[in-house]
Each structure stands twice: as structure tokens, then as C-alpha cells.
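K.L.:
Below is the sequence, then the predicted model.
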Amino acid sequence: MNFRNTIEFEKDFKKLSKKFRSLDSDLVEFKKVLNESPLGIGKHFNIITKTESVYIVKARFFCRSLKKKDLRIIYAYIEKS
């Protein structure tokens, strides 16, 4: 699976990673979960919009530095036909 980030995401992520040190490793774990199940598992993932081949998904992104709190992340999953 290929992951591409927007410029806005890169800026926000860089800013947040200075504040929360575990964010880089948490993003790697989140990408591993998405490789297994691109649309997510359980109540922490919600499909916002669905078209023929594109899904827009809102997910809870857990960060160890936040201690029992989470961030929201919105991503697009594009199915290959």
C-alpha cells in the first residue's frame, strides 16, 4: 500500500511531533494497521464518504505521549479495480 501525505499534513505533523515525541513511531504503527485493514476495524474508524473506488475515512489515531487520549486523522483509501 502506498501512503502519500499532503503538505498541510506534513506541516501539522512536524509541529505536533515536536510536542509529542512518540508521534513518529505511532504513525508507523497506524500504517501497519491500515495495511492489514484499509477501512479500519471497530468503532475507531468511520467511513465519511464512499464513491465507486474512493473511501474517505475518519479514524482515531492513538498517541502514547497523550496518555489515554487520541487525535483524529482523516484519510482517503482508493481501491484498485
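P.N.:
Ah, there it is.
K.L.:
okay, CA-based contacts and neighbour counts for the rest of this
P.N.:
OK.
K.L.:
To which secondary structure element is the residue most central in space within the chain assigned?
P.N.:
When C-alpha atoms, centre = their mean is applied to the chain, the residue found nearest the centroid is residue 73 (4.8 Å). Assigned by DSSP states H and E, residue 73 belongs to strand 70-78.
K.L.:
residues in contact with that strand?
P.N.:
If you take C-alpha atoms under 8 Å, 6 or more residues apart in numbering as the criterion, strand 70-78 is touched by 38-39, 53-63.
K.L.:
Report the angle between the host helix or strand of residue 13 and strand 70-78.
P.N.:
Per DSSP H and E, residue 13 falls inside helix 7-19. Comparing the axes of helix 7-19 and strand 70-78 via axes from the mean of the first three to the mean of the last three C-alpha atoms, to 10 degrees yields an angle of 150 degrees.
K.L.:
Okay, now the unreliable bits of this structure?
P.N.:
Scanning the chain for pLDDT under 70 picks out 81.
K.L.:
80 - rerun?
P.N.:
Applying pLDDT under 80 to the chain flags the ranges 68, 81.
K.L.:
How far off centre is the helix or strand where residue 46 lies?
P.N.:
Using DSSP H and E, residue 46 sits in strand 45-50. Centroid separation between strand 45-50 and its chain, computed with C-alpha atoms, centre = their mean, to the nearest Å, is 13 Å.
K.L.:
Sort out which residues of the helix or strand that comes right after it are buried, please.
P.N.:
Using DSSP H and E, the helix or strand that follows strand 45-50 in sequence is strand 54-62. For strand 54-62, the neighbour count (16 or more other C-alpha atoms under 10 Å) marks 55-62 as buried.
K.L.:
possible to save the residues you listed as CSV with distance to residue 15?
P.N.:
Shown next, in CSV, are the buried residues of strand 54-62 (distance: C-alpha to C-alpha, whole Å):
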residue, distance to residue 15
55, 27
56, 24
57, 23
58, 21
59, 20
60, 19
61, 16
62, 17
